[in-house]
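**Q** the following comprises the amino acid sequence and a computationally predicted model.
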Amino acid sequence: MKNADYIIHADYILPMDKNFTVIEHGAVAVKGNKILDIGTHDTISKNYTAKHSISGEGKLLLPGLINTHTHAPMVYFRGMADDLPLNEWLNEHIWPAENRWFSPEFISDATELACLEMVKGGVTAYHDMYFYEDAAAAATKKIGMRGVLGTGILDFQTVFAQSADDYLNKAKQFALDWEGDELITPCIAPHAIYTCGTETLKKSKALAEKLQVPVHIHLSETQGEVHDVMTRYRKRPVEYLESLGFLDETVLAAHCVWIEDNEIELLAKRNVGVAHCMESNLKLASGFAPIVTLLSEGVKVTFGTDGAASNNDLNILSEMSTTAKVHKALSDNPTALNAKTTLLMATRWGADVLGLGKKIGSLQKGKRADMITLNLRKPHLTPLYNVYSHIVYAAMASDVETVMINGTVVVNKGKLCTADEEEILSKAKKWQEKIKAHR
């Protein structure tokens, strides 16, 4: 018998391997921060003994979900400026609020709330683009989540930085300070083509290459953005980035709503990942990204929530369900974006586009122990015939019962183990009162 720290049991286990295996009456053995073994309950029980055992009756075990595009601290602006076009929402409400309230304390407190919401909904890793990412990183580690955190880069002044070079220097320092951390992966995040000029984009990509970290950028989110880029550069957005040598497998492009066939071919050729933010795009009336075409051309499409100010939640299970159904309707094809592909986008592909595919995204020996269990003993999950379709079309964030990240139980029986939930909610209430009083 080999020693393990945990044996986690489940009626069903979805490793998210290439064969879409379903292990019935299965178990996973964990030691330290890694998966020792995965198999049937009988096999694991015969070969391993553990300090802790987590019961699996009525449970479904799968890899943690991955949110590949968000602005976590914007949870404090949730519902503050709804039912507005993107430009008005951004220029007249969000950016002024950010300039007024930005501080390391704000970012830290808001990130705690965002991580609390995400982790209780089964999200074990997220990809962020914001400011004061040192504070965000510390808050993320406190909760115990995994974060790929990008310091936002702009051409104009904010309370965070005075110039493009100032943003770049701060991004560089953040990356150096957090290099090699087990949970935090630094990232370079030029905001978008319309907020970063050619030199800023080139410098951002060069810095990312020098530091060997990922790149995160908004791309072709609205028709207005595409029109402005074409007017200024005489190229469509993807073509323009290609002309700069910007596109490669380290880049994750958020949105990609208004892209044409030749741009899709370029994204596929350069192995660029795409973060699809269905609910944010719907709410802001940005349009419908050509996800079915992107997938058919070999582009790895993943799920992002965008910030909670434009969604208004950080719920990947909801994104999966909405996206699968909407794209079936758009393509007039009920077989488009099936449940297995949808869950793949939320797990293994999410890890791949963040450069973490060798560590997380699927349950297999040697990978980090990032996994979640869902409680299947719910009216809306009964009866059960297909576990994949159940997750995509019926499961809710409230069904998440256990969350393990890097071998640590972060959520147990639906409650956060690593920090005080009431304290996080109380701090959010105080910030709400401050923000409301100055609107």
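**A** Happy to help now that I have it.
**Q** looking at this protein, which strand is longest?
**A** strand 2-13 (DSSP state E).
**Q** mind giving me the packing neighbours of that one?
**A** strand 23-31, strand 34-40, helix 41-47, strand 48-54, strand 59-63, strand 371-375, strand 400-405 (3 or more CB pairs under 8 Å, 6 or more residues apart in numbering; DSSP states H and E). (Glycine included, C-beta is placed from N, CA and C.)
**Q** how about the helices of the stretch 101-250 of the chain, start to end?
**A** For the stretch 101-250 of the chain, the helices defined by DSSP state H, counting those that start in this stretch cover 104-120, 133-143, 164-177, 198-211, 223-233, 237-243.
**Q** and the helices and strands packed on strand 2-13 as JSON lines, adding mean pLDDT and distance to residue 127?
**A** What follows is the helices and strands packed on strand 2-13, written out as JSON lines (pLDDT from 0 to 100; distance: least, CB to CB, whole Å):
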{"stretch": "strand 23-31", "mean pLDDT": "98", "distance to residue 127": "25"}
{"stretch": "strand 34-40", "mean pLDDT": "98", "distance to residue 127": "23"}
{"stretch": "helix 41-47", "mean pLDDT": "96", "distance to residue 127": "32"}
{"stretch": "strand 48-54", "mean pLDDT": "96", "distance to residue 127": "28"}
{"stretch": "strand 59-63", "mean pLDDT": "98", "distance to residue 127": "16"}
{"stretch": "strand 371-375", "mean pLDDT": "98", "distance to residue 127": "18"}
{"stretch": "strand 400-405", "mean pLDDT": "98", "distance to residue 127": "15"}
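**Q** identify whichever of the ones you listed lies nearest to residue 109.
**A** For the helices and strands packed on strand 2-13, distance to residue 109 was read as CB to CB. The smallest value, 20.9 Å, belongs to strand 400-405.
**Q** run the angle between that closest one and strand 48-54 for me.
**A** 130 degrees (axes from the mean of the first three to the mean of the last three CA atoms, to 10 degrees).
**Q** ok, back up a step: a markdown table for the helices of the stretch 101-250 of the chain, including mean pLDDT, mean neighbour count and distance to residue 49?
**A** Shown next, in a markdown table, are those (pLDDT from 0 to 100; neighbours: other CB atoms under 10 Å; distance: least, CB to CB, whole Å):
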| stretch | mean pLDDT | mean neighbour count | distance to residue 49 |
| --- | --- | --- | --- |
| helix 104-120 | 98 | 24 | 29 |
| helix 133-143 | 98 | 23 | 30 |
| helix 164-177 | 98 | 19 | 40 |
| helix 198-211 | 98 | 18 | 43 |
| helix 223-233 | 96 | 15 | 57 |
| helix 237-243 | 98 | 21 | 53 |
